[in-house]
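Q: Give me a model of this one.
(one chain, ligands or ions: 2)
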Amino acid sequence: MKITNAYINVTSPGRNFLTLKIETDAGIYGLGDGTLNGRELAVASYLSDHLIPCLIGRDPFQTEDIWQYFYRGAYWRRGPVTMAAIGAIDLALWDIKGKALNTPVYNLLGGRSREGVMVYAHANGKDIDRALEDVAHHKELGYKAIRVQSGFSGLSTVYGVPKGSGRYEPAERGLPSEQDWATEPYLRHVPVLFARVREEFGEELHLLHDCHHRLTPIEAGRLGKELEPFHLFWIEDPTPAELQDSFRIIREHTTTPIAVGEVFNSIWDAHDLIRNQWIDYLRMTLTHGGGITALKKAADFAALYHVRTGFHGATDLSPVCMAAALHFDVAIHNFGIQEHMPHADETDAVFPHHYFFKDGYMFPGDAPGLGVDLDEKLAEKYPYQRAYLPVSRKLDGTLTDW
Ligand code: CS2
Ligand code: MG
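A: Residues are numbered from 1 along each chain as shown. Ligands and ions are numbered 1, 2, ... in the order given. Okay, the predicted model is just below:
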């Protein structure tokens, strides 16, 4: 089998997505998600102008050699744009492989290790009472695990809480908005929030919280310790992870489990975190981490150190990435949990798929390949509109981590 053509599709059904389609001389095609929220066109150019010309004529079954060709062959290694482009190619090739062998991709990764994949939902509110209402709503929908974020007095906008009544969408059209941040009221607020959630819903519900890179290591240690009575499933991105050694400090102060990695694009971003057991869950996702070929190696390495997966699954990863994640999640042994932010209806219409949600779990479906498609005609109705993630400033105006 040979690759005969490949092209990108940029569409915006509810939000921007970049999809790669690879066609073969067997009439089989594969899809890959290359979406990099706020930088989609950089990945589009990296694919169209640099990688696709080198793809034509290759054997799509050679997932390992093609991965190495684009990783080592580029000379300039790693980075979110490069690895999202390689991730898109890799997902499309695994899609082709599954279709050609007439089997779901999970069968190429060891087969099903479990029936369904436990997922977690996002519950949020502008204050604790609203957040509790949203927890109740998602519990009603059947979720066994819920991430809880809420606003608190002193800040006009808070990460993870929609500004208006609409859905929380991590990207806004137009230039980046600026949001305020203040650590001290946040650190006072979060333990109160989770005391209320546990009081209202008891101990059974898995609770998660995203600190979104905003604390110093010792602040994260303090928060983790103060949350210990509420037995969280994890605190996420407690501190920026460029200095992996920061997590040693957090670990010395708390037993609250730690998840990190949605902004990672290489196992080298997590190497020390894993081998020192400074984290409990790796959040790297297939698109941004270089695809199934890369993440299978990362997950197997993590398994040696009791680290499980907890893939990123926000709406800025397309249904192609979600489908691939569910095939991966259902197969690997050290699966932890999968993030699930349901896409907008128009997104699901552009990306028809076999995966489905039922009673707190998701199932990849049994279609050959990844079990997701792209309705290119419908996609044309949603032209790309540049959008950005917000930036964040402390109350004194200092730019900080959003
Ligand atoms: C968040 C994301 O889902 C999460 O855990 O951190 O919503 C993140 O803010 C966006 O994916 C950024 O594009
Ligand atoms: Mg996050």
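
Q: Where does the residue in the stretch 101-250 of the chain positioned nearest to ligand 1 fall, secondary structure wise?
A: Going by Cβ to the nearest ligand atom, ligand 1 is nearest to Pro170 of the stretch 101-250 of the chain, at 3.8 Å. No exception for glycine: its C-beta is placed from N, CA and C like everyone else's. Pro170 is part of no helix or strand, with elements assigned from DSSP states H and E.

Q: Check the contact between it and Thr315; I expect there is one.
A: Yes: with contact defined as Cβ atoms under 8 Å, Pro170 counts as touching Thr315 (7.1 Å).

Q: and the helix or strand bottoming out on mean pLDDT in the chain, which strands flank it?
A: Ranked by mean pLDDT, DSSP states H and E, the weakest helix or strand in the chain is strand 172-173, scoring a mean of 86. Strands that pair with strand 172-173, judged by DSSP bridges, come out as strand 387-388 (antiparallel).

Q: If you average the pLDDT over the longest helix anywhere in the chain, what comes out?
A: Once the chain is assigned using DSSP state H, the helix that runs over the most residues is helix 80-100. For helix 80-100, mean pLDDT is 99.

Q: Please apply the same query to stretch 316-324.
A: What stretch 316-324 shows for mean pLDDT is 97.

Q: Contacts for that stretch next, please.
A: Here stretch 316-324 makes contact (Cβ atoms under 8 Å, 6 or more residues apart in numbering) with 15-17, 19, 31-33, 35, 37, 91, 94-95, 105, 170-171, 285-287, 292, 313, 325, 340, 343, 347-348, 351, 353-355, 364, 370-372, 374.

Q: What about those residues, which are in helices?
A: Leu91, Trp94, Asp95, Leu286, Thr287, Ile292, Ala325, Thr347, Asp348.

Q: Select only the buried ones of those in ChimeraX?
A: To isolate the buried ones among those in ChimeraX, judged by 16 or more other Cβ atoms under 10 Å, type:
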select :91,94,95,286,287,292,325,347
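
Q: Just give me the closest of the ones in helices among the contacts of stretch 316-324 to ligand 1.
A: Among these, Thr287 lies closest to ligand 1 (Cβ to the nearest ligand atom), at 11.0 Å.

Q: Verify the contact between that closest one and Asp33 for me.
A: Yes: with contact defined as Cβ under 8 Å, Thr287 counts as touching Asp33 (4.7 Å).

Q: Overlap of the contact sets of the two?
A: What both Thr287 and Asp33 touch, as defined by Cβ under 8 Å, 6+ apart, is the set Gly87, Ala88, Leu91, Leu317, Cys321.

Q: Where does the closest residue to Leu141 other than its chain neighbours sit, in terms of helix or strand?
A: Leaving aside its chain neighbours, Leu141 sits nearest to Ala121 (7.1 Å; criterion: Cβ to Cβ, 6 or more residues apart in numbering). Per DSSP H and E, Ala121 falls inside strand 117-125.

Q: so what strands line up beside that strand?
A: Within its sheet, strand 117-125 is paired with strand 145-150 (parallel), strand 338-339 (parallel), strand 361-363 (antiparallel), according to DSSP bridges.

Q: got the buried residues for that strand?
A: Residues of strand 117-125 classed as buried: Val117, Met118, Val119, Tyr120, Ala121, His122, Ala123, Asn124, Gly125 (neighbour count, 16+ other Cβ under 10 Å).

Q: Repeat that for stretch 73-92.
A: Buried residues in stretch 73-92, counted by 16+ other Cβ under 10 Å: 74, 78, 80-92.
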